[in-house]
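In: coords please:
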Amino acid sequence: MKSRGLVVAFAVLLAVAAAAAVLLYTSGVKKSAETGGNLQAVIVATQDIPANTALDPLIQSGAFKTLNVPADAVVNGAVTSLDELKGQTTTAPIVANEQLATSNLSSGNQVQGGALGISPGHIAVTVQVNAPDGVNGAIQRGDNVSVFATFTGVSVIKGTLQQILSPTGASATNRQDLPDFTVTLIPTVRVLDVVNPVVQQDGTRSGSTVTLTLDLTKQDAQNLEYANASAKITIGLLPPGEKGAQPPASMVPVQLLAGKKP
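Out: So this is what the prediction gives:
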C-alpha cells in the first residue's frame, strides 16, 4: 500500500510539472509574439468612417488606436503614426479595425481614375431617371448602357443669322414645329456607380428612381447636361461586352446637341 501511494504521488508531481511546462511555454510564445521583430505597429480606426470626413476631430475624440500586426500583413502605405492623419480628409470609406492607408487620405497618391475608376480624359456625371427609364433597377456598376433623349414641342427658326437675330426673326412665319422625336444621345457608356430602388421582402421597391454615375467624354457630358434639362432621358442596358449603335444622322430632324450633326 505504501509503494502504491508513492507511485500516485509521483504521478501527481509529473502532471503538475507538465502543466507548469505547458504554461511557461505558452507564456513565452505569447511574449515572443508581442515583442518579436515580426510585428509592426499600424494605425486603425475604432469606428466606421465615411468618405470625405475630416480626421482632426476624430483624432481628438480618440477614434484611432495602434495595433501590432504581422509584418507580412501590413498594407501598402500603411499609416503608422497619428501625425500622418493630422489635417487629412478621407477619400474612401474606412471600416472599424481596418488598417489606414495613405492612398485613402486627401494627401495620398490616389489610384488612377480615383475611387470611381474614371477613364483618362473622361468626366463622371450623375443623372437620375424614373425607375422604368432606368431598366427598373437591373443596371449594375460596370455595365455598359445606352442613353436616349426624347424631345417634345421642339421648333426651329428658319432663315439667315441676320433674320433670326432681328426683332421679327422669331415670327410664326419663320418658325417650324417639329414632331416629337428620340435620339441616341450616347451609344455606349460605362456605369461608374448606381443607386437602384431596394426590393423589399414583399416585392415592393423602396424608391421610384435610378441614379447613375456615368464615365463620359467631355463632349458627351455636355450633351447629356443639355438633354437632361430639355428632354426625357431613358437608359438602355447593353449585353455584357456589347456596344450600342448610333442610328443614321438622317433620323434626327434638326441639330440640337453640341457636336451632333443632323
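
In: Quick check: which ranges of the stretch 101-250 of the chain have low pLDDT?
Out: For the stretch 101-250 of the chain, residues meeting the criterion pLDDT under 70 lie at 107-115, 156-174, 203-205, 249-250.

In: Give the full set of residues in contact with residue 135.
Out: Residues near residue 135 by C-beta atoms under 8 Å, 6 or more residues apart in numbering: 210, 235-237. (C-beta placed from N, C-alpha, C; glycine too.)

In: If we use 6 Å, what do you get?
Out: residue 237 (C-beta atoms under 6 Å, 6 or more residues apart in numbering).

In: One more: residue 63?
Out: Residue 63 neighbours (C-beta under 6 Å, 6+ apart): 46-47.

In: quick one: secondary structure of residue 219?
Out: helix (DSSP: H, G, I helix; E, B strand; the rest coil).

In: what's around it, how many residues?
Out: For residue 219, the count of nearby residues is 13 (other C-beta atoms under 10 Å).

In: Quick check: it vs residue 123, distance?
Out: 10 Å (C-beta to C-beta, to the nearest Å).

In: Tell me which stretches of the stretch 151-262 of the chain form strands.
Out: 155-157, 175-177, 181-195, 209-216, 232-237 (DSSP state E, counting those that start in this stretch).

In: Between the ones you listed, which one is closest to residue 55.
Out: strand 181-195 (24.0 Å; C-beta to C-beta).

In: now the angle from the closest one to strand 232-237?
Out: If you take axes from the mean of the first three to the mean of the last three C-alpha atoms, to 10 degrees, strand 181-195 sits at 60 degrees to strand 232-237.

In: tell me which residues of strand 181-195 are tucked away?
Out: Within strand 181-195, the residues that count as buried by 16 or more other C-beta atoms under 10 Å are 181-194.

In: Out of those, which comes closest to residue 43?
Out: Nearest to residue 43 among the buried residues of strand 181-195, with distances taken as C-beta to C-beta, is residue 193, at 28.4 Å.

In: May I have the secondary structure class of residue 103?
Out: Recorded secondary structure, residue 103: helix (three-state DSSP).

In: Surely it touches residue 77?
Out: Yes: proximity of residue 103 to residue 77 meets the contact threshold set by C-beta atoms under 6 Å, at 5.4 Å.

In: contacts for stretch 227-245?
Out: So stretch 227-245 is contacted by 127, 129, 133-135, 139, 144-146, 148-151, 185, 187-188 (C-beta under 6 Å, 6+ apart).
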